[in-house]
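In: Below is the sequence, then the predicted model.
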Amino acid sequence: MLPATEGVSTPVGGILDSSTDIYTEVADGLTFGWLRTRSVGNTETDKLLTAAAATLRANGLAQW
């Protein structure tokens, strides 16, 4: 979750970036990212952070 770039929006439920397998959604000035697949017995933090950062940068959704 990061501050969203001003003026960006996504549909409710987010958008899937098939190149990183991450859904992203902008709501209330924040950008959220989550893996498409469920993790069982492991949160896959490294995979999530790496893929989410790449997706948010590529799509210009977050401010950082």
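Out: Good, I have the coordinates.
In: tell me how far stretch 15-24 is from the chain's mean position?
Out: How far stretch 15-24 lies from its chain's middle: 7 Å, per Cα atoms, centre = their mean, to the nearest Å.
In: Now do it, average pLDDT.
Out: Mean per-residue pLDDT for stretch 15-24: 93.
In: what does stretch 49-63 give?
Out: 87.
In: how far away is the most centrally placed residue in the chain from G7?
Out: The C-alpha lying nearest the average C-alpha coordinate of the chain belongs to G33 (Cα atoms, centre = their mean; 2.3 Å). Distance of G33 to G7, computed by Cβ to Cβ, to the nearest Å: 19 Å. Yep, even glycine has a C-beta here, placed from its N, CA and C like the rest.
In: ditto for F32
Out: Where G7 is concerned, F32 sits at a distance of 17 Å (Cβ to Cβ).
In: Check what pLDDT the residue of the chain most remote from its centre gets.
Out: Distance from the centre of the chain peaks at G41, with 21.5 Å (Cα atoms, centre = their mean). On pLDDT, G41 comes in at 78.
In: List the buried residues of stretch 13-22.
Out: The neighbour-count check on stretch 13-22 (16 or more other Cβ atoms under 10 Å) flags G14, D17, T20, I22 as buried.
In: Which residues lie in contact with the third one in this structure?
Out: What that stands for is T20. A51, A52, A54, T55, A58 (Cβ atoms under 8 Å, 6 or more residues apart in numbering).
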